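Student: pasting the structure only:
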């Protein structure tokens, strides 16, 4: 089933003309195959040569991805800056955001956390949601440059400090000196994401991993890439007066003219 899904994703990316996404899907498939072979090698079910071949496949796919990203970065530009306010999930206001369209959402009537949390995340996935509004998990000064990752099953209690979280994405804080929202480049985003840990979108309990995109420093920049291959930069720029909403701005990487 997983192999079939990878073939579908590869075909879709090829039809879209997205060479980077094609390379990403092929690399992920090679990594999954390597993990399977490594597990079997540990049980002495497969030979050492098969494990070495799987490792070589991963290395080749990594090289292909770097080459595709280098080509894309030469022509990449940013789209317009988009500003939105994402509210607390219990505020009664929009707390879900589709980055690609800029559309914000409330959950439709009939979806209930306590009855079926999985249905909510499925709905969010189907509607291209990648940013959500939840209360903040406190960070200390020593870990402020590290993105907090948590699993979310049921909605947490409302607290006074709101935050936004990434859903079905990977993210990283660019560490280049003197980097600002206005001058960050697509290449810097790509480089920052290279160091982001590979992670499944869902934990072993079936609940999604959420990336906390706010910290003690609300001006942090977050380079991100969604599960459908869209990359960009996001920054929290403030909170609403009643502390129920987080104001953000972001811009997406687009392909310029050759």
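Tutor: Noted; the coordinates are in hand. Predicted, not measured: the structure shown is a model, and the values here were computed from it.

Student: which strands and helices sit next to the helix or strand that contains residue 117?
Tutor: Under the criterion of DSSP states H and E, residue 117 resides in helix 113-126. Packing partners of helix 113-126 (3 or more C-beta pairs under 8 Å, 6 or more residues apart in numbering; DSSP states H and E): none among the helices and strands. In this view, the C-beta of every residue, glycine as well, is placed from N, C-alpha and C.

Student: quick check: what element follows that helix along the chain?
Tutor: strand 131-135.

Student: could you give me the average pLDDT of that following strand?
Tutor: Strand 131-135 carries an average pLDDT of 84.

Student: same for that strand, what does it pack against?
Tutor: Secondary elements touching strand 131-135 (3+ C-beta pairs under 8 Å, 6+ apart): strand 82-87, strand 96-97, strand 162-167, strand 245-255.

Student: re the thing from before, what residues of the helix holding residue 117 count as buried?
Tutor: Neighbour-count burial for helix 113-126 flags 117, 120-121, 123-125 (criterion: 16 or more other C-beta atoms under 10 Å).

Student: can I get these in CSV with distance to residue 245 and pLDDT?
Tutor: Formatted as CSV, the buried residues of helix 113-126 follow (distance: C-beta to C-beta, whole Å; pLDDT from 0 to 100):
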residue, distance to residue 245, pLDDT
117, 23, 82
120, 20, 89
121, 22, 89
123, 21, 94
124, 19, 92
125, 23, 91
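
Student: and those, which is closest to residue 255?
Tutor: Minimum distance to residue 255 across the buried residues of helix 113-126 is 24.9 Å, recorded for residue 125 (C-beta to C-beta).

Student: quick one: contacts for that closest one?
Tutor: Residues in contact with residue 125 (C-beta atoms under 8 Å, 6 or more residues apart in numbering) are residue 168.

Student: now it: how far from residue 11?
Tutor: According to C-beta to C-beta, to the nearest Å, residue 125 stands 19 Å off from residue 11.

Student: burial of residue 8, as a residue count?
Tutor: Number of residues near residue 8 (other C-beta atoms under 10 Å) recorded here: 11.

Student: in the stretch 101-250 of the chain, what residue spans correspond to strands?
Tutor: 104-105, 131-135, 149-151, 162-167, 169-172, 209-212, 221-226, 231-239, 245-255 (DSSP state E, counting those that start in this stretch).

Student: tell me what angle the helix holding residue 117 forms with strand 131-135.
Tutor: Here the directions of helix 113-126 and strand 131-135 differ by 150 degrees (axes from the mean of the first three to the mean of the last three C-alpha atoms, to 10 degrees).
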